[in-house]
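S.K.: Sequence first, predicted model second:
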Amino acid sequence: MKIFFAGAVRGGRANQPHYVYITDTLKQYGTVISGHVADESISEFGETELTKEEIYSREIAALETSDVVVAEVTTPSLGVGYIIGLATSLGKKVVAFYSGENTLKLSAMIKGDKDVNVYIYKTPEDVAAVLDSEFKKTE
């Protein structure tokens with residue numbers, strides 16, 4: 001299974017440690033084709049060595065070849081929202097994680113979309129349990 005992971009880059013990197021845990025856990029279920037988002041060396045300015053066109057082309061190509069999208073949506077991000085919207089329009093399964101309490105801070109456009117499975121988590125174990133229920137481990 002090819003898994004596209006989405007998380008905030010230019011929206012803020014505060015949850016980058018969560019991205020690492022999520023992408024590491026996802027590797028049990030398939031190939032994470034956009035795990036670079038978890039890289040701690042990426043700043044809130046993004047991958048400045050690439051043009052915006054190169055980033056866009058790479059992300060869209062990866063999304064199109066993916067089987068499923070997993071997104072960490074705690075930090076608001078236009079890019080993550082764009083990816084989720086495009087993924088649902090392409091008929092991709094979307095699993096979204098939000099860290100903390102179930103508040104009104106998470107966009108209603110994400111929470112209200114019946115094609116996006118949103119899970120609230122507080123611990124890495126919460127994430128692992130959701131992924132275990134959503135995906136079968138690859139052998």
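M.R.: Alright, I've got the coordinates. Numbering: from 1, shown residues only.
S.K.: tell me, how many neighbours does residue 86 end up with?
M.R.: 15 (other C-beta atoms under 10 Å). (Each C-beta comes from the backbone N, C-alpha and C, glycine too.)
S.K.: Name the secondary structure element that contains it.
M.R.: Using DSSP states H and E, residue 86 maps to helix 78-89.
S.K.: Also residue 3?
M.R.: strand 2-6.
S.K.: Check residue 127 too.
M.R.: Using DSSP H and E, residue 127 maps to helix 124-134.
S.K.: residues in contact with that helix?
M.R.: The contact list for helix 124-134 (C-beta atoms under 8 Å, 6 or more residues apart in numbering) reads 18, 21-22, 25-26, 28-29, 70, 95, 97, 117, 119-121.
S.K.: for residue 86, what are its contacts?
M.R.: Counting by C-beta under 8 Å, 6+ apart, residue 86 has contacts 60, 63.
S.K.: Check residue 122 too.
M.R.: 99, 100.
S.K.: pLDDT score assigned to the residue nearest to residue 68 when sequence neighbours are not counted?
M.R.: Leaving aside its chain neighbours, residue 68 sits nearest to residue 93 (4.5 Å; criterion: C-beta to C-beta, 6 or more residues apart in numbering). According to the prediction, residue 93 has pLDDT 96.
S.K.: What's the local residue count around residue 93?
M.R.: Other residues near residue 93 number 18, with proximity taken as other C-beta under 10 Å.
S.K.: Backbone dihedrals for it, please?
M.R.: Main-chain dihedrals, residue 93, degrees, to the nearest 10: phi -70, psi 140.
S.K.: I'd say residue 3 and residue 26 touch.
M.R.: Yes - using C-beta atoms under 8 Å, residue 3 is in contact with residue 26, at 5.2 Å.
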